[in-house]
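Student: just to be clear, the model below is a prediction. Sequence and coordinates:
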Amino acid sequence: SEKEKDLLRVLYPDRKNSLESISRLLNRSRYAILLQAQAIGLKRPQHSHMWTKEEHRYFVMHRKTMSYKEIAQHLGLTVSAVSHHASRSGLRQRPPGRPWTEEEKEFIRRNYKVLPTREIAAKLGRSIDAVINLAGPLGISSGRSRPWSEEEKEYLRTHYPLVPLEKIGAELGRTAQAVAAAVVKLKLNRQPPRPQVPARTTQAGAGWEPEPNRKRRLE
């Protein structure tokens, strides 16, 4: 009814009024409240609002069984707003990573400065970032840089004219500075070589003359 809409216009934009309380007051479901608010153009503050105790309690209760998207839909928030609240509350969802075995650590110690990081990651079934992040605690990330393999050099020659240094470094498990140093060492040029235009051939070899000159001599 129009009376309900007017009440919704007053209550909905104020974050102090949770969707739960509005739905109880109007005897409507949360989903109906959200649909009606969208239909009449109402919005709620997303990031700068103060979360109510009821909203926070709902988040804490369901954060391990529901996705941020589901929680956001239930509370009438954006996924980003829920994620920000989780970070501020120290309750961000972080899936536990696969623990490193001693065999994997030993493999990295022996091969980190011998094999490309991408190859190490592929052999261990890990991401490149995971290998790099473990190298520091293992005490093998500093010192002499890892030599460049012929495969890496060929990749650099092929992609340097078109791909940013950061992306090449991410692909090869190298820093942008390391890629830049290799570029200088290999004397690579960012601009691809220009296609050569074939030289103009003459009709009668070196003695050929333009058509106007021949006509003039005949006269």
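Tutor: Ah, there it is. Just so you know, these numbers come straight off a predicted model, no measurement behind them.
Student: how about low-confidence regions in the chain?
Tutor: Applying pLDDT under 70 to the chain flags residues 15-16, 44-50, 92-97, 141-146, 191-219.
Student: go with 90
Tutor: For the chain, applying pLDDT under 90 flags the ranges 1-100, 106, 108-219.
Student: ranges for the helices of the chain?
Tutor: 2-11, 19-26, 30-39, 53-62, 68-75, 79-88, 102-111, 117-124, 128-135, 150-159, 165-172, 176-186, 211-218 (DSSP state H).
Student: save these as CSV, and put in mean neighbour count too.
Tutor: C-beta coordinates here come from the backbone N, C-alpha and C atoms, glycine included. Shown next, in CSV, are those (neighbours: other Cβ atoms under 10 Å):
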stretch, mean neighbour count
helix 2-11, 13
helix 19-26, 16
helix 30-39, 15
helix 53-62, 15
helix 68-75, 18
helix 79-88, 16
helix 102-111, 14
helix 117-124, 18
helix 128-135, 17
helix 150-159, 14
helix 165-172, 17
helix 176-186, 15
helix 211-218, 9
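Student: got a list of what residue 25 touches?
Tutor: Listed by Cβ atoms under 8 Å, 6 or more residues apart in numbering, the contact set of residue 25 reads 7, 11.
Student: how far away is it from residue 17?
Tutor: From residue 25 over to residue 17 the distance is 8 Å, taken as Cβ to Cβ, to the nearest Å.
Student: overlap in contacts, these two.
Tutor: residue 11.
Student: neighbours of residue 27, how many?
Tutor: 8 (other Cβ atoms under 10 Å).
Student: so who does residue 159 touch?
Tutor: 168, 171.
Student: the same query, at a cut-off of 10 Å, please.
Tutor: 167, 168, 171, 172 (Cβ atoms under 10 Å, 6 or more residues apart in numbering).
Student: could you dump these into TSV with distance to residue 43 added?
Tutor: Output for these, formatted as TSV (distance: Cβ to Cβ, whole Å):
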residue	distance to residue 43
167	38
168	43
171	42
172	46
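Student: among the residues you listed, which one lies nearest to residue 140?
Tutor: Nearest to residue 140 out of these is residue 172 (Cβ to Cβ; 17.7 Å).
Student: give me the nearest residue to the closest one, chain neighbours excluded.
Tutor: residue 152 (5.5 Å; Cβ to Cβ, 6 or more residues apart in numbering).
Student: and that neighbour, how far is that from residue 61?
Tutor: From residue 152 to residue 61 the distance is 50 Å (Cβ to Cβ).
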